[in-house]
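S.K.: got a predicted structure plus its sequence, pasted below:
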Amino acid sequence: MSLRLRLLIGILVLAAAGLLTLDFVSYRALENHLSDRVDDQVRSAALALAPELREKAGIVDIGPVMPNGSGFGDRPRGSTGLMPGQGPSGGFGPGGGAGGGLPNELPPGTFAQLRTSSGKVLATAFFGYGTASLNRPDLSGDIPVSQFGQTPQIVTVGARNGSDTKFRVSAVADQEGRVTYAAVPTSDMQETLDQLLLIEAVVTAAILIALAGLAWWMIGIGLRPLERMSETAGEIAAGDLSRRVEDEDPKTETGRLGISLNAMLHQIEESVRKREESEAKMRRFLADASHELRTPLASIRGYAELYRMGAITEGPEAERAMSRIEKESARMGELVNGLLTLARMDEIPEPVRRPVDLAELAGECRDDGRAIDPSREFTLDASDDVTVSGDEDQIRQLLGNLIRNAIDHTPEGTPVEIVVASGGKSVMLEVRDHGPGINEENAEKLFERFWREGESRSRQTGGAGIGLAVVAAVAAAHGGTATAENAPDGGAIFRVELARDPDSASSQVAHTMI
C-alpha cells in the first residue's frame with residue numbers, strides 16, 4: 001500500500017476505535033440510568049397499586065403499616081381504600097384503564113396482582129392508559145419475595161404470550177402472607193436504547209466518512225512535496241543532474257529533507273563531473289602517451305629495418321643511424337621514466353619520509369646542470385635550516401626537471417639561478433632563467449601533462465610535456481604547490497613550496513589525477 005493509504009487507514013482505525021468506545025460508554029450509561037428509573041417505577045407501582053388490589057379483593061382487615069406510619073387497613077367496609085389524595089379507582093382488570101388516583105410516573109403496561117401465600121390470585125390490575133395491550137408478565141417463575149418494609153428485590157421476566165417484551169418485577173408480602181406483584185415493561189427503555197444505537201451508528205458512520213475525505217485531502221497536501229521530490233529524482237535518474245528539489249523550508253520535515261537532498265545532489269553532481277574530467281584526462285593521457293611513444297619507436301624500427309635490409313652500409317651512414325637510434329632510445333627512456341613517475345604518484349603509496357637537506361641537494365643538481373651544459377652559469381643561493389621531511393629521489397627529480405626545463409627553453413649560454421629559502425613551516429625552491437619568459441595566460445597549464453605551448457605540438461620547442469607535470473605531482477605529494485611567473489626584469493621563475501612536515505601540514509592537497 002502507498003504511504004497515503006496507510007496513513008488514511010491508521011487515522012480511520014484510531015478514529016473508529018475512539019468513536020466506538022464513546023458510543024459504548026454512552027449506551028451503557030443511558031442503559032443503567034433507564035434501568036434504575038424502571039426499578040424506581042416498579043417500587044412505586046407496588047406501593048401505589050397495593051391498596052387498590054386489596055380493596056378490589058374485598059379485604060378490609062388491617063393491612064401492613066407503611067414506613068411513613070400510614071396504613072392500608074384499619075378501614076371499615078365500604079371505604080374507598082385509597083391513599084390520601086387519590087380519587088376513585090375506576091376499572092381495574094384486563095384491558096382496564098387507570099383511575100385518576102394513580103401516580104403519573106407509572107408507564108403504560110404496568111401490571112399488578114395480589115396473591116395468597118399459596119399462589120391463589122385475589123385481584124389483578126393493569127395500568128394501561130386506555131390501551132388494549134395483551135402483554136402480561138409471566139409470574140410463574142421463581143420470583144424472590146421481600147417482606148414489607150424491606151427493599152424489594154427486582155428481577156426480569158418475559159411475557160406470557162411469548163412476545164419479546166420484558167418486565168421488571170418485584171414481590172412484596174404483607175403481615176398476613178399475601179403477596180403483591182408489581183411489573184413494569186421495559187419496552188420504552190429498550191425503544192430509547194434502540195433509538196440511541198441507531199443515532200450512534202449513523203453519526204459514527206457520517207463522522208468516519210467525513211474524516212476519511214478530509215484526511216485524504218490533507219494527507220495529499222502533506223505528501224505533495226514528496227511527490228515532487230519523486231518526480232525530480234526520476235528526472236535526475238534520467239540524466240539531468242542539474243535538477244534540484246524545490247521545497248527547502250527548514251521549518252517543515254519535507255523542507256529539511258529537500259535541503260539534505262539538494263546538498264547530496266550537489267555532491268553527486270560534483271563527483272560525476274570530476275569523474276568525467278578524470279576519464280577525459282585518462283583518455284587524453286593514453287592518447288598523448290601513445291602519440292609520444294609512437295615517434296621514437298617508429299624511428300628505431302625504421303633504422304633497424306634499413307640496417308637489416310642492407311640499405312645502411314658501414315661507415316658514416318651506419319654511425320649516423322646508430323646515433324639516431326641511441327637518441328630516440330634515450331628520449332623514449334626519458335618519456336617512459338616520466339610516465340612511470342606519474343603513475344606511481346597517482347597510486348598514492350605510503351611515502352618514505354626522511355630528512356632531506358635541500359641546500360645540499362640543490363648544490364648537487366646545480367653540478368649536474370653544469371655537466372649537461374658547461375656553457376651556462378649556474379648559481380645557488382641557499383639559506384640555513386632548509387631541511388624537509390620527504391623522499392630524496394622525488395625531490396631530486398623535481399629540481400632536475402626544473403633545471404632541464406630552463407636549459408631546453410632558453411638560448412645557449414643563458415644563466416640559471418637556483419634559490420633555496422626558508423619560510424617557517426615550509427621551504428621555497430626557485431629556478432630562474434633569463435630567457436624569453438612564459439605566456440602568463442598559460443601559467444597554470446604548464447604543469448598539465450603533455451601540454452606544450454603552441455597548437456602544432458612541435459618537438460623542436462621542447463620535450464613531451466611531462467617534466468613540469470612531474471614537478472607538480474611531487475610538490476603535491478610533499479604538501480606543497482608549484483607555480484610559474486615572469487620575472488620583473490625578464491626571464492621566467494618556477495617556484496615550488498614544500499612543507500617541512502607534509503604529514504601534519506594543513507596545506508596538504510590531494511595528488512594530481514590523470
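M.R.: Right, received. Where do you want to start?
S.K.: pLDDT (mean, whole number) over stretch 139-159?
M.R.: For stretch 139-159, mean pLDDT is 82.
S.K.: repeat that for stretch 167-177.
M.R.: The model assigns stretch 167-177 a mean pLDDT of 85.
S.K.: stretch 470-477 now?
M.R.: Rounded mean pLDDT across stretch 470-477 is 86.
S.K.: swap in stretch 219-227?
M.R.: Across stretch 219-227, the average pLDDT comes to 82.
S.K.: where does pLDDT dip in the stretch 201-350 of the chain?
M.R.: Residue ranges of the stretch 201-350 of the chain with pLDDT under 70: 285, 288-289, 291-292, 295, 313, 338-339, 341-350.
S.K.: just the stretch 51-200 of the chain next, same as before
M.R.: Scanning the stretch 51-200 of the chain residue by residue, the ranges that satisfy pLDDT under 70 are 60-105, 128-134, 149.
S.K.: so where does residue 272 fall, helix or strand?
M.R.: Assigning secondary structure by DSSP states H and E places residue 272 in helix 253-309.
S.K.: show the subsequent helix or strand relative to that helix.
M.R.: helix 316-346.
S.K.: in terms of secondary structure, what does the stretch of helix or strand residue 13 belongs to contact?
M.R.: Following DSSP H and E, one finds residue 13 within helix 3-56. Helix 3-56 makes packing contacts with strand 110-115, strand 121-127, strand 154-157, strand 167-173, strand 179-185, helix 187-237 when contacts are defined by 3 or more CB pairs under 8 Å, 6 or more residues apart in numbering; DSSP states H and E. (Each C-beta comes from the backbone N, C-alpha and C, glycine too.)
S.K.: give me that answer again for 6 Å
M.R.: strand 110-115, strand 121-127, strand 167-173, strand 179-185, helix 187-237 (3 or more CB pairs under 6 Å, 6 or more residues apart in numbering; DSSP states H and E).
S.K.: got the CA coordinates for the third one in PDB?
M.R.: As requested, the backbone C-alpha atoms of strand 167-173 are provided in PDB (Å, rounded to 0.1, in the frame of the first residue of the first chain):
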ATOM      1  CA  PHE A 167     -40.900  -6.900  32.500                       C
ATOM      2  CA  ARG A 168     -39.100  -5.800  35.700                       C
ATOM      3  CA  VAL A 169     -41.000  -7.500  38.600                       C
ATOM      4  CA  SER A 170     -40.900  -7.200  42.400                       C
ATOM      5  CA  ALA A 171     -42.900  -9.200  45.000                       C
ATOM      6  CA  VAL A 172     -43.700  -7.800  48.500                       C
ATOM      7  CA  ALA A 173     -45.500  -9.900  51.200                       C
END
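S.K.: can you pull the contacts of residue 185?
M.R.: When contacts are counted by CB atoms under 6 Å, 6 or more residues apart in numbering, residue 185 touches 109, 165, 167.
S.K.: separation between the first one and residue 392?
M.R.: For residue 109, the distance to residue 392 (CB to CB, to the nearest Å) stands at 119 Å.
S.K.: what about those two, which has more around it?
M.R.: residue 109 (22 against 15; other CB atoms under 10 Å).
S.K.: distance check, the closest residue to the more buried one other than its chain neighbours against residue 42.
M.R.: Nearest non-adjacent residue to residue 109, counting by CB to CB, 6 or more residues apart in numbering: residue 185, 4.1 Å away. In this view, residue 185 and residue 42 are 10 Å apart by CB to CB.
S.K.: and what of residue 197?
M.R.: Distance from residue 197 to residue 42, by CB to CB: 24 Å.
S.K.: out of those two, which sits in the busier spot?
M.R.: Neighbour count, other CB under 10 Å: between residue 197 and residue 42, residue 42 has more, with 21 against 14.
S.K.: the more buried one is in contact with residue 167, isn't it?
M.R.: No - Residue 42 is beyond contact range of residue 167, at 8.8 Å (criterion: CB atoms under 6 Å).
S.K.: could you look up the SS state of residue 421?
M.R.: strand (DSSP: H, G, I helix; E, B strand; the rest coil).
S.K.: how about it, what does it touch?
M.R.: 383, 428.
S.K.: what do you get if the cut-off is 8 Å, keeping everything else the same?
M.R.: Neighbouring residues of residue 421 by CB atoms under 8 Å, 6 or more residues apart in numbering: 383, 386, 427-428, 430.
S.K.: and the helix holding residue 272, how far from the chain's centre?
M.R.: Relative to the chain's own centre, helix 253-309 is displaced by 38 Å; criterion: CA atoms, centre = their mean, to the nearest Å.
S.K.: what angle sits between that helix and helix 187-237?
M.R.: 30 degrees (axes from the mean of the first three to the mean of the last three CA atoms, to 10 degrees).
S.K.: mind listing what's buried along stretch 12-30?
M.R.: 15, 19, 23 (16 or more other CB atoms under 10 Å).
S.K.: do stretch 156-164 as well
M.R.: 157, 159.
S.K.: which residues sit against it?
M.R.: 134-139, 141, 143, 165-169, 183, 186.
S.K.: now those residues: which count as buried?
M.R.: Applying 16+ other CB under 10 Å to the contacts of stretch 156-164 flags 135-137, 139, 143, 165-169, 183, 186 as buried.
S.K.: and those residues, which is closest to residue 277?
M.R.: residue 186 (89.7 Å; CB to CB).
S.K.: residue 161 in helix, strand or coil?
M.R.: coil.
S.K.: hey, what's in contact with both of residue 42 and residue 167?
M.R.: 183-184.
S.K.: need the strands for the stretch 351-500 of the chain, in chain order.
M.R.: Shown for the stretch 351-500 of the chain, the strands assigned by DSSP state E, counting those that start in this stretch span residues 354-357, 378-382, 387-390, 416-422, 426-433, 481-486, 492-499.
S.K.: quick one: closest of those to residue 370.
M.R.: Checking the strands of the stretch 351-500 of the chain against residue 370 by CB to CB gives strand 378-382 as the closest, at 5.4 Å.
S.K.: let me have the strands of the stretch 351-500 of the chain in TSV, adding distance to residue 281 as columns.
M.R.: Converted to TSV, those look like this (distance: least, CB to CB, whole Å):
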stretch	distance to residue 281
strand 354-357	30
strand 378-382	35
strand 387-390	26
strand 416-422	31
strand 426-433	26
strand 481-486	18
strand 492-499	22
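S.K.: for residue 6, find the nearest of those.
M.R.: strand 481-486 (56.8 Å).
S.K.: quick check: neighbours of that closest one in the sheet, parallel or antiparallel?
M.R.: strand 492-499 (antiparallel) (DSSP bridges).
S.K.: which residues are contacting the strand it pairs with?
M.R.: By CB under 8 Å, 6+ apart, strand 492-499 touches 358, 388, 390, 395, 398, 402, 405-406, 409, 423, 425-433, 435, 437-438, 468, 471, 475, 478-487, 505, 507-508.
S.K.: residues of stretch 174-185 that come out buried?
M.R.: For stretch 174-185, a neighbour-count test (16+ other CB under 10 Å) marks 174, 178-185 as buried.
S.K.: burial count for residue 4?
M.R.: Quick note: residue 4 (other CB under 10 Å) scores 16 neighbours.
S.K.: wait, it touches residue 221, no?
M.R.: No - counting by CB atoms under 8 Å, residue 4 does not reach residue 221; the two are 10.7 Å apart.
S.K.: returning to what we had before: out of the strands of the stretch 351-500 of the chain, which is closest to residue 119?
M.R.: Nearest to residue 119, of the strands of the stretch 351-500 of the chain and by CB to CB, is strand 492-499 at 119.2 Å.
S.K.: now that closest one and strand 426-433, what's the angle there?
M.R.: 160 degrees.
S.K.: distance between strand 492-499 and the chain's centre?
M.R.: 50 Å.
S.K.: between that strand and strand 416-422, how big is the angle?
M.R.: Using the same axes, to 10 degrees: strand 492-499 against strand 416-422 is 30 degrees.
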